[in-house]
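Asks: predicted structure and sequence below. I'll ask about it afterward.
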Amino acid sequence: MRSPALTAALADIDTVFAGCVSPGESGCGRCHLPEEVAYLRTPDVSVPVDVVEMFMREVSDHFDDNAAAMRRLLPPAARALADGAFDRLGWEAQGLHQVDWRSWPAEQASAVENFVFAWWQETLATPEPPYPVADVFETCTGILSTMTPLLDRWPSAPVADAHLVSCADSWLYDLQCDDWPFSWWHADQDAGVAELQAWFARHAAPRLRARGEHDLAKRAELVGLPDPLRWDDPYWASA
């Protein structure tokens, strides 16, 4: 069952983007069937999930008006993401990563942002979400072009901390070498690595230790140290 926040965010997406179309859309003649492109020109009809997923994975130059196509697809795409209806997540950018949605009218931009936050918080509160938390994090950061608000919204709670353990186990190997832990989201990587290292050292380490994850907690503390202090720590002699 969806949380009230996610339910409200999806309802807002439905309302704000109702009637949106890309009226002159011709799509890519090699990749898209005429009947598939017709959905983008037709408001408020149901779009099959596999068609939504295909369009949301396309590069922007496959559309005559990528922003208009994304606005048309947002209601079914948001529901598919929330429900785990897409075959996979986290392998590449979603369509919203490729448009300047913050420049859209205020109510549209607000609806997108509120959905991302609600989906992220629902994921953290769900013991077995449809997609791995690390993939949802990367997708949300790609849409927002920042990880800061997601880290700020990672609560200290039993389920959220269990997800923190899995992400720490995945990301800390890269972070301890000052490497980027994500597969497709490309941002200011030096600044992003530094931000994530600082967050793990300050916020994640005590939460990991409280769950009995002492090795992960120690490594989380160490990524907050600069070279050579990080590697001079006695931890590595017994690791």
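Replies: Alright, I've got the coordinates.

Asks: for this structure, give me the ranges with low pLDDT.
Replies: For the chain, the stretches flagged by pLDDT under 70 are 90-93, 239.

Asks: in it, which spans are helices?
Replies: 4-16, 34-41, 49-56, 66-83, 106-125, 133-144, 148-152, 158-175, 189-199, 205-210, 214-222, 229-232, 235-238 (DSSP state H).

Asks: tell me which of those helices lies nearest to Ser183.
Replies: helix 133-144 (7.0 Å; Cβ to Cβ). (C-beta placed from N, C-alpha, C; glycine too.)

Asks: give me the contact list for that closest one.
Replies: Contacting residues not belonging to helix 133-144 are listed as 81, 89-90, 93-94, 96-97, 101, 112-113, 116, 119-120, 123-124, 129, 147, 150, 163, 166-167, 170-171, 182-185, 187 [Cβ atoms under 8 Å, 6 or more residues apart in numbering].

Asks: make a markdown table out of the helices of the chain and add mean neighbour count and distance to Cys28.
Replies: Shown next, in a markdown table, are the helices of the chain (neighbours: other Cβ atoms under 10 Å; distance: least, Cβ to Cβ, whole Å):
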| stretch | mean neighbour count | distance to Cys28 |
| --- | --- | --- |
| helix 4-16 | 17 | 26 |
| helix 34-41 | 17 | 8 |
| helix 49-56 | 19 | 10 |
| helix 66-83 | 22 | 11 |
| helix 106-125 | 19 | 24 |
| helix 133-144 | 22 | 22 |
| helix 148-152 | 15 | 32 |
| helix 158-175 | 17 | 35 |
| helix 189-199 | 16 | 31 |
| helix 205-210 | 18 | 46 |
| helix 214-222 | 20 | 45 |
| helix 229-232 | 13 | 48 |
| helix 235-238 | 9 | 51 |
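
Asks: nearest to Pro23, out of those?
Replies: helix 34-41 (5.9 Å).

Asks: could you export the closest one as PDB, CA atoms only?
Replies: Taking C-alpha atoms only, helix 34-41 is exported to PDB below (Å, rounded to 0.1, in the frame of the first residue of the first chain):
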ATOM      1  CA  PRO A  34       3.600   4.900 -35.700                       C
ATOM      2  CA  GLU A  35       1.000   3.700 -33.200                       C
ATOM      3  CA  GLU A  36       3.500   4.200 -30.400                       C
ATOM      4  CA  VAL A  37       4.300   7.700 -31.400                       C
ATOM      5  CA  ALA A  38       0.600   8.500 -31.600                       C
ATOM      6  CA  TYR A  39       0.300   8.200 -27.800                       C
ATOM      7  CA  LEU A  40       2.600  11.200 -27.500                       C
ATOM      8  CA  ARG A  41       0.200  13.300 -29.600                       C
END
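
Asks: pull the residues that contact it.
Replies: Looking at helix 34-41 with Cβ under 8 Å, 6+ apart, the contacting residues turn out to be 21-27, 45, 47, 51, 54-55, 63, 68-69, 72-73.

Asks: give me the angle between it and helix 66-83.
Replies: For the pair helix 34-41 and helix 66-83, the angle between their directions (axes from the mean of the first three to the mean of the last three Cα atoms, to 10 degrees) equals 100 degrees.

Asks: how far is helix 34-41 from where the chain is centred?
Replies: For helix 34-41, the separation from the chain centroid amounts to 27 Å (computed by Cα atoms, centre = their mean, to the nearest Å).

Asks: also stretch 50-59?
Replies: Centroid displacement of stretch 50-59 relative to its chain, using Cα atoms, centre = their mean, is 16 Å.

Asks: contacts for stretch 203-217 next, please.
Replies: Taking Cβ under 8 Å, 6+ apart as the criterion, the residues outside stretch 203-217 that touch it are 151, 154, 156, 161-162, 164-165, 168-169, 172, 218, 220-221, 224, 239.
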